[in-house]
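Novice: Predicted model and sequence below, questions to follow.
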Amino acid sequence: VPRELVCQQDGRRLRLDTGVWRCPCGGMLDLSPAPALDPDRATKEGPSLWRWRHTFDLTDEIVWRRVTLGEGGTPLVAVDPGRPRVLAKLDFLMPTLSFKDRGAAVLVTLAAAIGADRLVADSSGNAGTAIAAYAARAGLPCEVFVPHTASPRKLAAMRAHGAIVRTVAGSREDAAEAAIDATERGNAFYASHVYQPAFFEGTKTFAFEVWEQLGRRTPDEVVVPAGNGTLLLGVYAGFRELRGAGLIGALPRLVAVQAAACNPLERAWRAGAEVATPVSPVAPGDTAAEGIAIAAPARSRQMLAAVRATGGRFVAVSEEGIAAARRQLAHRGLYVEPTAAATYAGLIAHLAEEPGDRDIVWAVCGAGLKSPA
Ligand SMILES: *Cc1c(COP(=O)(O)O)cnc(C)c1O
Ligand SMILES: [Zn+2]
């Protein structure tokens, strides 16, 4: 049975080849369960995340081979001299320099496989760059809506890939609204990393790789940024699949990091709420962590449930903490964008509150050269 889209709200099943991104009832869509993970089927043909494609089961062989840039297979290294059991997964070492390549490669492959003829996306920057790059690979025209505050280098990259970039005079949320509008008017495929669950099929490979790199073990904790949750939910799905296949026992605790300047999820977690109440959209200068400045995360219920199911937590970090973390990482050889530094700041804050030696993996999500100095 091919995989289907399943509505979170009313359980309705929709065909994947319709390209729909939201249930007619308005509910968010997930994918029906993935085929069982079998590590022996993760073929030895190189480090790319397509080694795990038997667990995606979304497309035939021809399309992904045309679209892939070899994404995935990123290093896992200790960067803190005093903390040998804290490992950084260098997920900015991918073709468009952020973890978004994992999801974008799979989502654009799906769009091409079902015969989409143009893509629309919205982004604070990195998702748009990744979608634009893989759209170029797939030969699909692409239009990306971004808030006017997005980093100029990210916009330049999108344009270089041939995407039409529409800067929206407003917030990240206004950009999403404009993209949905354009999708509906133009009968396009909405290549949204937030709504399209196929994106998480790509990001779940983060978990498979970590498990393999640790010698087929799970770490105690995984620290990830939390904006719209596309890495968080992918990592959660990946570890659940590993557990479903009997390859690990308990799931690692998920530690999810937000900027204090835009913390709807961290607030909801502290309040014991099941859904996040939107905060006001960020204004220019509120936070350097543009990639996680999401005032109204559409999958907040799922993100909160995932973190709680692992016994994990949310952490909010200050702007000073983000700046200090960025400097510290640079002194250890990693030049990352502020949003990526925020995750490290969250890790440090988490360790201060919950000290003790244990195996921790944290995601280094975006390269420094993409953002203003
Ligand atoms: C997209 C992005 C994030 C946030 O990811 P979500 O899927 O929105 O949670 C964090 N860091 C970087 C560098 C990003 O590009
Ligand atoms: Zn529905």
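Specialist: Thanks, I have it. Numbers count the residues shown, from 1 in each chain. Ligands and ions are numbered 1, 2, ... in the order given.

Novice: Please list all residues in contact with Met303.
Specialist: If a contact means CB atoms under 8 Å, 6 or more residues apart in numbering, then Met303 has Ala226, Gly229, Leu232, Leu233, Ala256, Leu265, Ala276, Pro297 as its contacts. Using the backbone N, CA and C atoms, a C-beta is placed for each residue, glycine as well.

Novice: One more pass at 10 Å, please.
Specialist: By CB atoms under 10 Å, 6 or more residues apart in numbering, Met303 lies in contact with 226-230, 232-233, 236, 254, 256, 265, 268-269, 275-276, 297, 314.

Novice: Please apply the same query to Ser371.
Specialist: So Ser371 contacts 125-126, 150-154, 288, 290-291, 326, 336-341 (CB under 10 Å, 6+ apart).

Novice: Just the buried ones from those residues, in ChimeraX syntax?
Specialist: The buried residues among the contacts of Ser371 can be selected in ChimeraX (16 or more other CB atoms under 10 Å) with this line:
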select :125,126,150,151,153,154,288,290,291,326,336,337,338,339,340,341
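
Novice: Which residue ranges of the stretch 251-373 of the chain form helices?
Specialist: 264-271, 300-309, 319-331, 338-353 (DSSP state H, counting those that start in this stretch).

Novice: Can you show me the CA trace of the first one as PDB?
Specialist: Listed next in PDB are the C-alpha coordinates belonging to helix 264-271 (Å, rounded to 0.1, in the frame of the first residue of the first chain):
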ATOM      1  CA  PRO A 264       5.500  30.500  22.300                       C
ATOM      2  CA  LEU A 265       6.500  26.800  22.700                       C
ATOM      3  CA  GLU A 266       8.700  27.300  25.700                       C
ATOM      4  CA  ARG A 267       5.900  29.200  27.400                       C
ATOM      5  CA  ALA A 268       3.300  26.600  26.600                       C
ATOM      6  CA  TRP A 269       5.600  23.900  27.900                       C
ATOM      7  CA  ARG A 270       6.200  25.700  31.200                       C
ATOM      8  CA  ALA A 271       2.400  26.300  31.500                       C
END
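
Novice: elements contacting it?
Specialist: Packing contacts for helix 264-271, counted by 3 or more CB pairs under 10 Å, 6 or more residues apart in numbering; DSSP states H and E, involve strand 253-259, helix 300-309, strand 313-317.

Novice: residue contacts, the residue of the stretch 251-373 of the chain found nearest ligand 1?
Specialist: Nearest to ligand 1, among the residues of the stretch 251-373 of the chain, is Gly366, at 2.7 Å (CB to the nearest ligand atom). Counting by CB under 10 Å, 6+ apart, Gly366 touches 91-92, 96-100, 125-126, 129, 151, 154, 225, 289-291, 336-341, 343.

Novice: ditto for Arg85
Specialist: By CB under 10 Å, 6+ apart, the neighbours of Arg85 are Ala78, Pro219, Asp220, Asp357, Arg358, Asp359, Ile360, Val361.

Novice: and what of Leu369?
Specialist: For Leu369, the contacting residues are Phe92, Leu97, Arg153, Tyr335, Val336, Glu337, by CB under 10 Å, 6+ apart.

Novice: Which strand or helix spans the nearest residue to Phe199 once chain neighbours are set aside?
Specialist: Nearest residue to Phe199 in three dimensions, chain neighbours excluded: Gly103, at 3.5 Å (CB to CB, 6 or more residues apart in numbering). Element membership for Gly103 (DSSP states H and E) is helix 100-113.

Novice: For the chain, which residues are neighbours of ligand 2?
Specialist: Cys7, Gln9, Asp10, Arg12, Cys23, Cys25, Gly27 (CB under 5 Å from the ion).

Novice: Would you mind finding the most buried of the helices and strands packed on helix 264-271?
Specialist: Each of the helices and strands packed on helix 264-271 was scored by mean neighbour count; the highest is strand 253-259, a mean of 27, by mean count of other CB atoms under 10 Å.

Novice: Let me have the helices and strands packed on helix 264-271 in TSV, extended by distance to Ile164 and mean pLDDT.
Specialist: Listed next are those as TSV, based on distance: least, CB to CB, whole Å; pLDDT from 0 to 100:
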stretch	distance to Ile164	mean pLDDT
strand 253-259	30	98
helix 300-309	30	98
strand 313-317	35	98
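
Novice: Nearest to Val108 among those would be which one?
Specialist: Closest approach to Val108 among the helices and strands packed on helix 264-271 is made by helix 300-309 (22.8 Å; CB to CB).

Novice: CA atoms of that closest one as PDB?
Specialist: Only the C-alpha atoms of helix 300-309 are listed here, as PDB (Å, rounded to 0.1, in the frame of the first residue of the first chain):
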ATOM      1  CA  SER A 300       2.800  23.300  18.200                       C
ATOM      2  CA  ARG A 301       0.600  20.500  19.500                       C
ATOM      3  CA  GLN A 302       2.700  17.900  17.900                       C
ATOM      4  CA  MET A 303       6.000  19.500  19.000                       C
ATOM      5  CA  LEU A 304       4.900  19.800  22.600                       C
ATOM      6  CA  ALA A 305       3.600  16.200  22.700                       C
ATOM      7  CA  ALA A 306       6.900  15.000  21.200                       C
ATOM      8  CA  VAL A 307       9.100  16.700  23.700                       C
ATOM      9  CA  ARG A 308       6.900  15.500  26.600                       C
ATOM     10  CA  ALA A 309       6.800  12.000  25.300                       C
END
